[in-house]
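>>> Let's see this in three dimensions:
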Amino acid sequence: MEWTLAHPLHDVDDIVEMADSVFGQEADGILTRDRSVFCKNVTIASTVQLFDKGREFIAVCRNWDEMRLLGYCWFDRGGYTTYANEEISNAKFHHLDLSLPVRTRVRLLNEMIDQHILWASSWGIPVICSTSIRAEHNGFMKIHKKRGFTVNGSYAWIRTENGLKDMK
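A predicted model of the protein is given here:
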């Protein structure tokens, strides 16, 4: 298993397939999903990332023996609350192949959280936030809580500097 930055020529189709086939139904009845829109957005973000690594972050984890996508994470920046001027990096996605063993999924999710903390720290983003729209998000939030995040419902957030302390 190896993490790499998502590449617009090699990773977009697998990201779109995983998002739509495994997690897409979470939005059914609320949004009308359009794979071509998602494909466009992943392609643009992964292309921009090649030239401006501080704008958004998309990484993929693959089993290279099988060329299989095991998971991916996507973080952005530029989020703010209405009551503070501190920038927030929001996690857009933490998606995993749900057929993986639980231990592997927990490990990969922790690696995604590490990447979020390190990326936000590298670019001077003081707060990171992770959310879930999934009906079952307790395990996801429990992992964040163990990492020192403040968890309220399906929201988990932490000061980046405190996330770094937890990694050491």
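>>> Nearest residue to F23 in space, please, no chain neighbours.
With sequence-adjacent residues excluded and distances taken as Cβ to Cβ, 6 or more residues apart in numbering, F23 is closest to H95, at 5.9 Å. Placement of C-beta: from N, CA and C, glycine included.
>>> can you pull up the bridge partners for the most centrally placed residue in the chain?
Computing the C-alpha centroid of the chain and ranking residues by Cα atoms, centre = their mean puts C73 first, at 3.1 Å. Taking DSSP bridges, one obtains A59, H94 as the residues bridged to C73.
>>> Now do the same contact list for it.
Listed by Cβ atoms under 8 Å, 6 or more residues apart in numbering, the contact set of C73 reads 57-59, 91, 93-95, 112, 115-116.
>>> Could you do S154 as well?
Neighbour list for S154: 131-134, 137, 141 [criterion: Cβ under 8 Å, 6+ apart].
>>> Out of those, which sit inside helices?
Using DSSP state H, the members of the contacts of S154 that fall within helices are M141.
>>> Separate out the buried members of the contacts of S154.
The neighbour count (16 or more other Cβ atoms under 10 Å) marks 131-132, 137, 141 as buried among the contacts of S154.
>>> ok, so of the residues you listed, who is nearest V151?
Nearest to V151 out of the buried ones among the contacts of S154 is M141 (Cβ to Cβ; 4.9 Å).
>>> for this protein, which spans come out with low pLDDT?
168 (pLDDT under 70).
>>> Would you report the backbone torsion angles of I128?
phi -120, psi 150 (degrees, to the nearest 10).
>>> wouldn't it be in contact with I158 here?
Yes. Checked against Cβ atoms under 8 Å, the pair I128 and I158 is within contact range at 6.0 Å.
>>> shared neighbours, these two?
Common neighbours of I128 and I158 (Cβ under 8 Å, 6+ apart) are I117.
>>> And the single longest helix found in the chain, what does it pack against?
Among the segments of the chain that qualify as a helix by DSSP H, the longest is helix 102-122. Contacts defined by 3 or more Cβ pairs under 8 Å, 6 or more residues apart in numbering; DSSP states H and E place helix 102-122 against strand 57-63, strand 68-75, strand 88-96, strand 127-131, helix 138-146, helix 160-167.
>>> 6 Å - rerun?
With contacts defined as 3 or more Cβ pairs under 6 Å, 6 or more residues apart in numbering; DSSP states H and E, helix 102-122 has these neighbours: strand 57-63, strand 68-75, strand 88-96, helix 160-167.
>>> if we can go back for a sec, now do the residue nearest to the centre of the chain against W119, distance only.
In this view, C73 and W119 are 10 Å apart by Cβ to Cβ, to the nearest Å.
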